[in-house]
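# Need coordinates for the below:
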Amino acid sequence: MLQQVNETDDALIDQLQRSAFDYFMLYTNPENGLVADTSIKTSHCSIAAVGFALSSYPVAVERGWITRADAAKRVLAALDFFADSQQGTERGATGHRGFYYHFLYMETGKRAWNSELSTIDTGLLLLGVLTAAAYFNGNSQVERDLRKQAKFLYERCDWHWALNKGQTISMGWKPASGFLRWRYQGYDEAIFLYVLALASPTHAIPSSSYDAFASTYTWMMFKDTPFLYAGPLFIHLFSHAWIDFRDIRDEHVADKDTDYFRNTQTAIAVQRDYTDRNPGHFVGYTKDVWGLSACDGPNPTGTKHSLRYAPKVFGYAARGAPLGPDDGTIAPWGPLSCLPFDREAALNGTRALLSTYPNLLLDGRFPGGFNPSVKGPGPEGWVDDRSVAIDQGLLVMMIENARTGMIWDLMRQSPILRTGLERAGFTGGWLDEKKAKPAIA
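Residues are numbered from 1 along each chain as shown. As a prediction, this is how the structure comes out:
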């Protein structure tokens, strides 16, 4: 448990960032690089978790938490596994057409449960692959092999197939039933997915697919500011962990005289305004206790509440503000993940959480969620009994982007991201600067 909430901002940030990274040291299979979705012992691998781990290793090297050689070895183990894993429609396959199943068995890497071949989670994995390839640019055999595998993995991904004869990218596919009926359209975390797909030298999608995705955006006003709406906080963060959206714009946000970075700043203000108003009368909500996002929550059956009435709880749900859903559950990693966008709000929120709820952390890390409106042994109420890999990876990356801009700097040099952004119609800012250096040799 973190004891000293009154320490300096930098010391607090450093401690929480290091604890977040340690998740990957504790819950990764070093033989194949697969990362457990959560800290529960029986957890399967989430391929998105691997992407966040691969992106976090460069931060850990620069911070002195792991040697460069050890980090490169760990990255290569993961890349070798995915490169050599079985692709096809067979039951034991790990993936198909360059995409991978959402959940895999930690030891074998075969498809777990009845999980879908996930386009978004494959995209998060590939962003990690590209981040590692951009950082590990040395001449050692391990780093050369790492970059070679990264190139292979990215170029194998059949983005055009994932369109399923439509304009927008399908959310996934299952061998028994085919493509899922849902697609990525409207404002969500999938901007990075379209950027990756547009830039592919082997299976690129047309620029019209990005326009089809963005044409269904929903805008609202927050006070006097246009707000590109998405309720859950993570939607406003995931693409930003890798892509520096400051001062670059496509036509869809340029028409509103904003950009995606400023829109995330507005999303933070929307969340704080919502919890300050607290229309649902939930316990603990203030302008500094916020963070409505996709996370685990109290079990809907048999849950007792501390309120005068018993609001419905949702279990796992993509909670959001200001339009909900909301059941009093907070994602406590949310405020600190916003450090690059609003340092004051992020630190005030983090300190408010840690001082008001002193038993919130699990082994020094934020749990997936907590709900003080539900009875528990302390003021925290219901607390998730697990930490979640993607939450921890997001913290490592966003804290580093706030401190040094490291991930943003690396990925600005990626010709893949530059090409994808330009094909999506982004201009301005760093995109107008001199062409990027190759990131994958």
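# At the geometric centre of the protein, which residue do we find?
Geometric centre of the chain, nearest residue: Phe238, 4.0 Å, by CA atoms, centre = their mean.
# Give me the spatial nearest neighbour of that one, chain neighbours excluded.
Among residues not flanking Phe238 along the chain, Glu189 sits closest, at 4.1 Å (CB to CB, 6 or more residues apart in numbering). The C-beta positions use only the backbone N, C-alpha and C, and glycine is treated the same way.
# In terms of pLDDT, where does that neighbour sit?
pLDDT recorded at Glu189 is 95.
# What residues does it make contact with?
Residues counted as contacts of Glu189 (CB atoms under 8 Å, 6 or more residues apart in numbering) are Ile120, Phe234, Ile235, Phe238, Ser239.
# How about the second one, nearest residue that isn't a chain neighbour?
Which is Phe234. Ser293 (4.8 Å).
# Pretty sure the one you found sits against Ala317.
No - when contacts are counted by CB atoms under 8 Å, Ser293 is not listed as touching Ala317 (9.7 Å).
# higher neighbour count, these two?
Ser293 (27 against 21; other CB atoms under 10 Å).
# So that one versus Ile248, what's the distance?
According to CB to CB, to the nearest Å, Ser293 and Ile248 sit 25 Å apart.
# about what we covered before: which ones are touching the residue nearest to the centre of the chain?
For Phe238, counting by CB under 8 Å, 6+ apart, the contacting residues are Leu124, Glu189, Phe192, Leu394.
# Max pairwise distance over the residues you listed: which two?
Within those, Phe192 and Leu394 form the most distant pair, 13.0 Å apart (CB to CB).
# and the gap between Lys174 and Met221?
Applying CB to CB, the value for Lys174 to Met221 is 40 Å.
# typo on my end, it should be Leu124
Distance, Leu124 to Met221, by CB to CB: 31 Å.
# These two: who's more crowded?
Leu124 (28 against 8).
# same for the helix or strand harbouring the more buried one, what does it pack against?
In this assignment (DSSP states H and E), Leu124 forms part of helix 119-135. Contacts defined by 3 or more CB pairs under 8 Å, 6 or more residues apart in numbering; DSSP states H and E place helix 119-135 against helix 47-63, helix 68-84, strand 99-101, helix 141-156, helix 191-199, helix 238-242, helix 406-412.
# Tell me the buried residues in the fourth one?
Which is helix 141-156. By 16 or more other CB atoms under 10 Å, the buried positions in helix 141-156 come out as Glu143, Leu146, Arg147, Lys148, Gln149, Ala150, Lys151, Leu153, Tyr154, Arg156.
# Widest-spaced pair of those?
Checking the buried residues of helix 141-156 with CB to CB, the most distant pair is Glu143 and Arg156, at 20.6 Å.
# so where is the stretch 1-150 of the chain shaky, pLDDT-wise?
Residue ranges of the stretch 1-150 of the chain with pLDDT under 70: 1-7.
# quick one: contacts for the nearest residue to Ala199 once chain neighbours are set aside?
For Ala199, ignoring the flanking residues on the chain, the nearest one in space by CB to CB, 6+ apart is Gly420 at 3.6 Å. By CB under 8 Å, 6+ apart, the residues touching Gly420 are Tyr194, Val195, Leu196, Ala197, Leu198, Ala199.
# I'd like to know which of those residues is nearest to Gly425.
Nearest to Gly425, judged by CB to CB, of the contacts of Gly420 is Leu198 at 9.9 Å.
# how many neighbours does the closest one have?
22.
# I'd guessed it sits against Gly425; true?
No - between Leu198 and Gly425 there is no contact under CB under 8 Å: 9.9 Å.
# who touches both of those two?
Ser207, Tyr210.
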